[in-house]
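Below: sequence and its predicted model.
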Amino acid sequence: MESIPTEPIGSIPRSPALIEARKAFLAGQLGQAQFDALCTEAIRDTIERFEATGSPVITDGEQGKFHNFANYTVDGLSQTRAGGFVLQFADGHGRPFPLLTSGPFRYTVHADRFLEAALRYARRPVKQAVIAPSFQSLFYPPDELPGYPRERFIEDVLDAHETEVRNCLLRGAYKVQVDFTEGRLAVKLDPSGDLLRNFIHLNNLALARFSPEERQRIGIHTCPGGDCDSTHSADVDYAELLPMLFELQAGNFYMELAREPDRPRVLRIVRDLLKPHQRVFVGVIDPLDPRVESPEEVRDRVLEAAEFIPIAQLGTTDDCGFAPFSDDVSTTRDTAFAKIQARVEGTALAAKALGLGRG
């Protein structure tokens, strides 16, 4: 009998050496070739340590995403300026994003480049995280750009996103995970739900470009953010997001859950919304908690989820990446990998308790 699948979300904290190298590169004190070499070594080390946890699916830890999980697509793009959307976190700090100044919109970096680098070292299946079209729609300014209407921009975003995801699938990604952290935040920014509906519609336009078989290898990640041990929308009731979230035409959903104060309530909602072709990977590890969960604690969280979710549609994951922003040092690499190992071992314990085979 099939076991319970377990997958990571994506990011792993960068080493202090890589963080310092990034600062030196930005200051012009380190050349491109030197920085690239250090980044390549970080990817190799991350994959080696990831595989040592026993994780059946790994990532490159997003070591190559220079700034963060979201704006790698516009790194170095000359047609941007400061003053865009600011992702505000509960502890008061914010993460600013750029604004587009003219068209056409084109990616400067596609995520299949990161995947290709990871596959050189990986001996296990590699999943690749990409940013959702809905987040990229925030790069367009409030006022229409002369000669480049928003409608044309959206088509360019969809074209670029499709190319990126399709290339990842063709290059051998085990799964492509679409990061949709702005989903829960949309409810906070616009309680009417209109912004969330627009985001869901845009992301479904992208998903509609793939076959049903391809969509079984595509997943949606939702969380209330995670940066410097703070969140941006954990105060938003999950019940306001989930009915629309599960309207997304993807085969997999990766949900923050370990940190939720009332997990059974959320699981009941998921049970009532989950469609037969969908699998939900529930978060059983809290990256914002400095304590490393025990395998037994993870096991109990999985068994709790199994009371509501059919086993054939259940998986486990981490609530969020461990460092979606490249300069976040709130969690160490050692802690991140220890938590991942606890997830793997705890999921296996739950599978055994449920009488399932080994994954």
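Cool, got the structure. As the structure is a prediction and not an experimental result, all values here were calculated from the model. Numbering: from 1, shown residues only.

Could you pull up the residues touching the one residue sitting closest to the centre of the chain?
In the chain, the residue lying closest to the centroid (Cα atoms, centre = their mean) is Asp179, at 4.0 Å. Neighbouring residues of Asp179 by Cβ atoms under 8 Å, 6 or more residues apart in numbering: Gly10, Phe69, Ala70, Ala129, Val130, Ile131, Ala132, Phe135, His221. (Each C-beta comes from the backbone N, C-alpha and C, glycine too.)

so of those, which ones are in helices?
Phe135 (DSSP state H).

Highest neighbour count among the contacts of Asp179?
Among the contacts of Asp179, Ala129 has the most neighbours (other Cβ atoms under 10 Å), with 29 neighbours.

Show residues contacting the helix or strand that contains Thr317.
Assigned by DSSP states H and E, Thr317 belongs to strand 314-318. Applying Cβ under 8 Å, 6+ apart, the contact partners of strand 314-318 are 4-9, 252, 254-255, 258, 279-285, 287, 298, 302, 305-306, 339-340, 343, 346-347, 350.

that older thread, out of the contacts of Asp179, flag the one nearest to Ala82.
Nearest to Ala82 among the contacts of Asp179: Ala70, at 15.3 Å, using Cβ to Cβ.

Need the phi and psi values for that closest one.
Main-chain torsions, Ala70, degrees, to the nearest 10: phi -110, psi -40.

List the residues that contact it.
Phe97, Ile131, Phe135, Asp179, Thr181, Pro324.

For the residue nearest to the centre of the chain, list each beta-bridge partner.
Per DSSP bridges, the residues bridged to Asp179 are Ile131, His221.

sorry, back to before: take the contacts of Asp179 and lay them out in CSV including pLDDT and distance to Leu248.
Listed next are these as CSV, based on pLDDT from 0 to 100; distance: Cβ to Cβ, whole Å:
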residue, pLDDT, distance to Leu248
Gly10, 89, 18
Phe69, 91, 19
Ala70, 87, 18
Ala129, 97, 16
Val130, 97, 14
Ile131, 97, 15
Ala132, 98, 10
Phe135, 96, 14
His221, 98, 11
